[in-house]
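K.L.:
The following comprises the amino acid sequence and a computationally predicted model.
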Amino acid sequence: MERSDKKYEQNIFEGLRWLGIDPDEGPEQEGPFAPYRQSERTAVYEKYIRQMLAEGKAFYCFHSEKELAEEKERMMAEKRAVLHICEYRDMPMAAAAALTEKNPDHIVRFKTPAGRKITFHDLIRGEVSFDSDLLGDFSIARKVDAPLYHFAVIVDDIEMKTTHVIRGEDHIPNTPKHILLFEALDATIPQFAHIPLILGSDRSKLSKRHGATSVDEYRAAGYLPEALFNFMALLGWNPGGDKEIFSKEELIEKFSLEKVQKSGAVFDIKKLDWMNGEYIRRKSVEELTEICLPYLKDFLQVSIPSNQFSNEYIKKVVELEQPRLKKISEIGELTDYFFRTPQYDKQLLRWKLMSDQEIFDSLSRSEKIISEVKIFESEFRSPYADLLRKDGASVKVGDIGLIFWPLRVALTGKKASPGPFEIMEILGIEESLARIRAAKDTLGRENGQTG
């Protein structure tokens, strides 16, 4: 369990570093309130629990789990609020201490005051009130040296001089318990802000069934850290206006709790994809290529760059796809035809109702014009495009798809890709012609044609 906990801890730290979130203090940075792991703060918690027991603000409860479960069932059956008012709450400490020796399965509970109206000002939701009679005598420790969540976080806030507690709205019911504990320990009560929950597309609480849920998963899926940071900052908060792309520095400068909304924020994956695409397009080709390399290697299962595919070649491929990329992980599937010979689907070569003969003739016309090209660079693209259009007019006037669709599919083997001229600029004339001939050969073999 220790090793498992350490692994998860490191995963959190690495995720924060990747997002560019650098803690001021903590287990890695240390700081004035160390230690920062609750597992290393047992002695601190025990001191406060013993203090509360000695002052009669907490007590030992000797009910068994079975008794408590039966009590809960009765209350639910009677449609009453499920809470425990413990019969041991007023037992003299000497008698209770003696009983702990005979009953090692006891727990420690807080002696909740009766008839209190607990009111606090939430920085997002305004005034919130609870009746103490609806809280019951809640547990704060399994043993004096084994605190539970509600107690440990309060002691940490006291010891670390926490001024603001910002957490999800699902913790609102815990806040009156925490206020009572702060009061019982004569501590300053911090300000509270309960932010809206992140919701899935069906407006239920975001969970694994809605898709990726950890920073690691979004990182592996090809999202950029600055895009994810920007997207998450705008979940439930907006500085006003239509602007949606912000630097980290801008977000930090503009953020205020007063502008956090009360209602839940939907995690819109389509918007995240759009935002990630915007950040991808802002990258230099050099930087984007470096980011893409691991994804290309994993997808293609080959060494890249290599003797066959230079870094300059890969940069051209990445630059061509940069306007279309939404996630870095798409780069392999979108560009695999630049690194391996595509497989031709005869039906995909067909534009609308073209016959096999029309496809063959179209590819032959493209082959003839392209074979006469000595060099193919961007400045030559327009004249040769015009030639193909003009030549294609003899097939069917006004439908350039009859020329360009079979050509593009012959080059890529894909239904969607950039235009054929951009692709040929990277592949080069010889490779482009080889692919056109391979597509023709496929048609020729199936139809008894040659040439």
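P.N.:
Ah, there it is.
K.L.:
Tell me the first helix or strand C-terminal of the lowest-mean-pLDDT helix or strand in the chain.
P.N.:
The least trusted helix or strand in the chain, going by mean pLDDT, DSSP states H and E, turns out to be helix 378-392, with a mean of 56. Downstream of helix 378-392, the first helix or strand assigned by DSSP states H and E is helix 401-412.
K.L.:
tell me the angle the helix or strand following that following helix makes with helix 401-412.
P.N.:
As assigned by DSSP H and E, the chain's next helix or strand after helix 401-412 is helix 420-427. Inter-element angle recorded for helix 420-427 and helix 401-412: 30 degrees (by axes from the mean of the first three to the mean of the last three Cα atoms, to 10 degrees).
K.L.:
Dump helix 420-427 to PDB, restricted to CA.
P.N.:
The C-alpha trace of helix 420-427 is given here as PDB (Å, rounded to 0.1, in the frame of the first residue of the first chain):
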ATOM      1  CA  PRO A 420      -2.600  16.600 -54.000                       C
ATOM      2  CA  PHE A 421      -0.200  19.400 -54.900                       C
ATOM      3  CA  GLU A 422       0.800  20.000 -51.200                       C
ATOM      4  CA  ILE A 423       1.300  16.300 -50.800                       C
ATOM      5  CA  MET A 424       3.400  15.900 -54.000                       C
ATOM      6  CA  GLU A 425       5.600  18.800 -52.900                       C
ATOM      7  CA  ILE A 426       6.700  16.600 -49.900                       C
ATOM      8  CA  LEU A 427       6.600  13.200 -51.600                       C
END
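K.L.:
could you point out which element follows it?
P.N.:
Sequence order places helix 429-447 as the next helix or strand after helix 420-427, per DSSP H and E.
K.L.:
tell me what that following helix is packed against?
P.N.:
helix 346-349, helix 356-371, helix 401-412, helix 420-427 (3 or more Cβ pairs under 8 Å, 6 or more residues apart in numbering; DSSP states H and E). Any C-beta I mention is one placed from the backbone N, CA and C, and that applies to glycine too.
K.L.:
The ones you listed into a markdown table, with extra columns for mean pLDDT?
P.N.:
Putting those into a markdown table (pLDDT from 0 to 100) gives the following:
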| stretch | mean pLDDT |
| --- | --- |
| helix 346-349 | 89 |
| helix 356-371 | 90 |
| helix 401-412 | 91 |
| helix 420-427 | 90 |
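K.L.:
Output these as JSON lines; include the columns distance to residue 63 and mean neighbour count.
P.N.:
Shown next, in JSON lines, are the helices and strands packed on helix 429-447 (distance: least, Cβ to Cβ, whole Å; neighbours: other Cβ atoms under 10 Å):
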{"stretch": "helix 346-349", "distance to residue 63": "71", "mean neighbour count": "15"}
{"stretch": "helix 356-371", "distance to residue 63": "82", "mean neighbour count": "19"}
{"stretch": "helix 401-412", "distance to residue 63": "71", "mean neighbour count": "24"}
{"stretch": "helix 420-427", "distance to residue 63": "74", "mean neighbour count": "21"}
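K.L.:
pretty sure residue 125 is touching residue 194, no?
P.N.:
Yes. With contact defined as Cβ atoms under 8 Å, residue 125 and residue 194 form a contacting pair (6.3 Å).
K.L.:
what's the overlap in contacts for these two?
P.N.:
Residues touching both residue 125 and residue 194 by Cβ atoms under 8 Å, 6 or more residues apart in numbering: 169, 172.
K.L.:
So which of these two has more stuff around it?
P.N.:
Set side by side, residue 125 and residue 194 show more neighbours around residue 194, with 22 against 17, by other Cβ atoms under 10 Å.
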